[in-house]
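> kindly generate the corresponding structure for this input.
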Amino acid sequence: MSSDELLTELKVYAKGTKAFFVDDKDAWVQAELTEKTVDAGAGTVQLAFEGAGGATYKFAASFGELAKKTKVLPPLCNPAVQEGIDDLTSLSHLNEPAVLHNLQVRYGQHSIYTYSGIVLVALNPFARVALYSQDTLEAYAGRMRGELEPHLFAISEDAFQGMVRDKRNQTIIVSGESGAGKTMSAKYIMRYFASAHEDTAKGEISRVEEQILATNPVLEAFGNAKTTRNDNSSRFGKFVEIRFNERHAIEAAVIRTYLLERSRLVYQPTTERNYHVFYQLLAATEVAQAEGLGLGGRGWEAFHYTQQGGSGQIANVDDALEFANTASALDVIGVGREQQGQVWAVLAALLHVGNIDIQGASERVGASIADDDAAFGHAARLLSVDPAGLRKWLTKRQIVTRSEKIVSNMTRAQALVVRDSVAKYVYAHLFDWVVRTINAALAGDNAATASFIGVLDIYGFEHFARNSFEQFCINYANEKLQQNFNRHVFKLEQEEYQREQLQNWTFVDFQDNQPCIDLIEGKLGVLALLDEECRLQQGSDANFAEKLIGQYSAGGAQKAAAAAAFFRKPRFGADAFTIRHYAHDVEYAAEGFVEKNRDTVPDEIQNVLRASTGPLLPLLLGGGGDGDDDEQTQQQQQREQGGAGAAPRAPGRLSVRVARKPTLGAVFKHSLASLMETIEATDSHYIRCIKPNEVKQAWLFDAPMVLAQLRACGVLETIRISCAGYPSRLAIPDFIRRYRVLVADARPEQAMSLDAFRELAAQILDAAFGRQGAKWQVGLTKVFFRAGMLALIEKQRVERLNAAATAIQALVRSYQQRRRFVRQRASVRVLQTAARGLLARRQTTLLRRTRAATAVQSAVRGFLARRATGRTRRAVVRLQALVRAAQARAAFAGLRRTWGATRLQQLARGYLARTAAARERHLVTRMQARVRHKQAKRAVEKRRDEARSAAHFQQVTY
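Down below sits the predicted model:
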């Protein structure tokens, strides 16, 4: 970069401009430029910024350091008008903090979707949002991308229109880490295709569309689990191929799955759960209490495979209701109630397998299973296998040599590994059978389809404190997808440059991760060395790690220099290795790699299981390996592995190879290659799901965590590729309409033809930047800018408009003041004349009124005096009359009271005398009556006595 170019770039750093700095908490903060010193002679630049709270930030560098990129100017903030825009590539300044700040602003506005060129960035809100209703779905149907707010429905419609318009197959790639919302996004995308363009007269979805929607609860039940990061985490990759007929209606669908996390069946970390279907089965009372399953109504705490995480329930989730939804979905895809009962029996058997108590105090005694082990009896009965054969091969193993077969006892630890392997083996085949059943139901009546749209729900880049084989395969898949993504973005960028016929430009270079992929899948890569170790009977994780370190660490004789740059050995020990992935350096623990890659069950136990008399288990085990690999695929992998070399035998030890069947890594590599072929043959659309915080709190934005995911999912790499070329671009008419103010003599009639448009655009750019063709180019229909140039010309436009506005304001204000002064002076003169005449007339009127008032007052005062005297005399006469009348009435009233009192006394005394006389007479009469009564009683008594006497009796008798 020359000094002139540096000076041009420094023009953007004007006082008042805001830039980003890192504070003490490693967070990006905004600071305003307060001082700028550029010494072109000495070739130095010094900038001083002031942030919130008075914090100061200083930057100093020489032109040489800036040219060599040893120091980089502070990244600038975008104008306030661009905060919260819906496309990150439209930002004037494309840098990490600006992108992060724009996403944070939109997330604070509850806008979870943002475009980044061809990528849709989706932030998980961790809350219910009203963005997926039927009205919203219909609003995006038939609309071009960009007409409405960013939405995954817009991406879905863009893919559908691309299939219809270009007659090319499409792929929508949904990626992100666990808990970012990939599963829900893929579910809504499939719902959009099933509902937005239904091909029925009544608007009802077809049977196939209904079955596509029914696959979600089934696959979630059998393939999703609760993790520390997500309550409904997909533990497998899924590619749904939705096939359309010539009328663009859904005709059929095919689902391919990748790398089911089998180890989760037998082990769950703290606070995590096994697959949902086990807890749903135990919560379904009518099924769990059935005597045939042997569950006895027990909860998840009673089974080893469901209680290890210590968390058997999910908040706001009813497992019994989810079980009913799963059963209904199975009905829709063609699994009847009878066959569902067989599936529940297999799941119950796996729960009992985990409870089998394998005994064995020492290696000499060997492992054993008690005859009365109830869990073993339930498992053998539900699987319909020979109990004796199952008991034997769970505790013993058979070694096949060239001359004989040797049966030996296993230790308890080895028997537990075999027990868990059997459970993983059966469940993996059950999951594959479910996928095959779904595909059979979605096959449709007509196998011939015109086109398809694929929806890839794939696991995102993973980096934990301890990383094992599962994380290795997941990150390997993300390396392949990232390479495809980079090439796709690079290809689109170059195609636009060629289509616009830009001159003097070179191909944009981007970071190709092919050496890292070669390190993993190359001829002597990690997978090849792992497969080689797995083919040895005595193969171990330690030997694998030792070979890997010897191959790629310093001093390795056969290491490839490009691939070795992406490999690091551990500082201490030799049981781990580090791969420098595109997103982050990840250290993998070698422990478990060999066993997980083999993923084999002893042939003897496989024979016991295949000999089952049950209706479902032989069907499961006869369906092949992974859901997307048939027998020919396995044979091909077997032939490929057969060509690789074997490790040398140790002296004095017979090294026996196991059967050469495809390892899990080889199968995954083949299925991943097939997936990449499908993606590369289609038009790709990308949705990057971001998890905004670790605690799953609604609308909480953790900036460092989001920034790490933006780097991991390639969004920032897309911006970097764009910045390496011409990231900012405008259509020529829009450019002229906005920036023609920079040319004084530009007139609309000068740009009537397309050539004249381009000439005028070049004239404007010359006026803004001078003859610096490397910073901008005019294409056929667009103007292209290097990074920061659009902000610089926008700054010049604002300055020109501000200067013009200032001049116009000065003239207008001067004219307005002069006109106002003249008007005020004329108004004052007219006002003075009117005021003086008014004052004179007022004085004359006052004198006249004073003289008239004096005469009126004299007459009025005489009249008032006479009237007052008459009123007084009349009042006195009236008062006298009233007083005399009152006195007369008072005397008359006194006489009446005296007469009334006398009469009242007369009446009262008469009444009292009569009352007293009557009372005395009454008392005398009563006294006489009592005396006479008493005398009569005495006479009667006397006569009664006489009657009772003897003389009287004799007289009567005689």
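
> you'd agree Ser408 is in a helix?
No. Per DSSP: H, G, I helix; E, B strand; the rest coil, Ser408 lies outside any helix segment and is strand.

> when you give positions from now on, start the count at 655
Shifting the count to begin at 655 puts that one at Ser1062.

> and it, bridged to which residues?
Counting by DSSP bridges, Ser1062 forms beta bridges with Arg1051.

> at the geometric centre of the protein, which residue do we find?
The chain has Asn778 as the residue nearest its centroid, 1.5 Å off, counting by C-alpha atoms, centre = their mean.

> that one and Pro1346 touch, don't they?
Yes. Between Asn778 and Pro1346 there is a contact under C-beta atoms under 8 Å: 6.2 Å. From N, CA and C alone the C-beta is placed, and that goes for glycine too.

> which neighbouring elements make contact with the helix or strand encompassing Arg1532?
Element membership for Arg1532 (DSSP states H and E) is helix 1443-1602. Here helix 1443-1602 touches strand 1382-1385, helix 1386-1393, helix 1408-1423, going by 3 or more C-beta pairs under 8 Å, 6 or more residues apart in numbering; DSSP states H and E.

> can you list the residues that contact the last one?
With contacts defined as C-beta atoms under 8 Å, 6 or more residues apart in numbering, helix 1408-1423 is touched by 662, 1386-1387, 1389-1390, 1393-1394, 1396-1397, 1400, 1404-1405, 1429-1430, 1432, 1437, 1443, 1446-1447, 1450.

> now the buried members of those.
The neighbour count (16 or more other C-beta atoms under 10 Å) marks 662, 1386, 1389-1390, 1393-1394, 1396-1397, 1400, 1404-1405, 1429-1430, 1432, 1437, 1443, 1446-1447, 1450 as buried among the contacts of helix 1408-1423.

> longest strand in this protein, please.
For the chain, the longest strand by residue count, based on DSSP state E, is strand 682-693.

> now for Lys880: which residues touch it?
Lys880 makes contacts with Asn886, Ser887, Glu926, Arg927, His930, Gly963, Ser965, Ile968, as judged by C-beta under 8 Å, 6+ apart.

> just the pLDDT at Val1510, thanks.
Looking at Val1510, its pLDDT stands at 93.

> quick check: the gap between it and Phe1517.
Per C-beta to C-beta, to the nearest Å, Val1510 is found 11 Å from Phe1517.

> ditto for Tyr846
Distance of Tyr846 to Phe1517, given as C-beta to C-beta: 102 Å.

> ok, the two, which is more surrounded?
Each of Tyr846 and Phe1517 has its neighbours counted (other C-beta atoms under 10 Å); Tyr846 has more, 24 against 10.

> for Tyr1340, give its distance to His1142.
Using C-beta to C-beta, we find Tyr1340 at a distance of 8 Å from His1142.

> my bad, should have said Ser1038
Distance of Ser1038 to His1142, given as C-beta to C-beta: 51 Å.

> do Ala906 as well
Distance from Ala906 to His1142, by C-beta to C-beta: 27 Å.

> for the closest residue to Gly835 other than its chain neighbours, what are its contacts?
Nearest residue to Gly835, sequence neighbours excluded (C-beta to C-beta, 6 or more residues apart in numbering): Asn778, at 4.1 Å. Counting by C-beta under 8 Å, 6+ apart, Asn778 makes contact with Ile766, Gly833, Ala834, Gly835, Cys1343, Ile1344, Lys1345, Pro1346.

> correct me if wrong: the last one contacts Met1359.
What that stands for is Pro1346. Yes. Judged on C-beta under 8 Å, Pro1346 makes contact with Met1359 at a distance of 7.2 Å.

> which one of those two has more residues nearby?
Using other C-beta under 10 Å as the criterion, Pro1346 and Met1359 rank with Pro1346 on top: 25 against 15.

> now do the phi/psi pair for the more buried one.
Backbone torsions of Pro1346, given as degrees, to the nearest 10, read phi -80, psi -20.

> and if you look at Thr1232?
Main-chain dihedrals, Thr1232, degrees, to the nearest 10: phi -120, psi 130.

> who's in contact with it?
Contact partners of Thr1232, counting by C-beta under 8 Å, 6+ apart, are Phe1221, Arg1222, Lys1223, Pro1224, Asp1239, Val1240, Glu1241, Tyr1242.

> gap between it and Ala1243?
Separation of Thr1232 from Ala1243 (C-beta to C-beta) stands at 11 Å.

> same check on Phe1411?
Phe1411 sits at a distance of 62 Å from Ala1243 (criterion: C-beta to C-beta).

> same deal with Asn778?
Relative to Ala1243, Asn778 is positioned 29 Å away (C-beta to C-beta).

> gap between Gly718 and Gly695?
Distance of Gly718 to Gly695, computed by C-beta to C-beta: 14 Å.

> same question, Ile1092
Going from Ile1092 to Gly695 by C-beta to C-beta gives 74 Å.

> the more surrounded of these two?
Using other C-beta under 10 Å as the criterion, Ile1092 and Gly695 rank with Ile1092 on top: 27 against 5.

> the more buried one contacts Thr869, doesn't it?
Yes. At 5.3 Å, Ile1092 counts as touching Thr869 under the criterion of C-beta under 8 Å.

> which residues do Tyr1340 and His1142 both contact?
Common neighbours of Tyr1340 and His1142 (criterion: C-beta under 8 Å, 6+ apart): Ile772.

> which one of the two has more residues nearby?
More neighbours surround Tyr1340 than the other of Tyr1340 and His1142, with 26 against 18 (other C-beta under 10 Å).

> then the more buried one would be within a strand, right?
Yes. Per three-state DSSP, Tyr1340 lies within a strand segment.

> got the confidence number for it?
pLDDT, Tyr1340: 91.

> so who does it touch?
Counting by C-beta under 8 Å, 6+ apart, Tyr1340 makes contact with Ile772, Val773, Leu774, Ile826, Ile827, Ser829, Phe1139.

> I'd assumed Tyr1242 was in contact with His1117.
No. Contact criterion C-beta under 8 Å: His1117 and Tyr1242 do not qualify, at 10.4 Å.

> compare those two (neighbour count), which wins?
Shown here are His1117 and Tyr1242; by other C-beta under 10 Å, Tyr1242 has more neighbours (21 against 16).

> show me the residues around the more buried one that make contact.
By C-beta under 8 Å, 6+ apart, the contact list for Tyr1242 reads Asn1121, Ser1122, Gln1125, Phe1126, Ala1230, Phe1231, Thr1232, Ile1233.

> not counting its neighbours along the chain, what's nearest the fifth one?
This points to Ala1230. Leaving aside its chain neighbours, Ala1230 sits nearest to Pro1224 (4.7 Å; criterion: C-beta to C-beta, 6+ apart).
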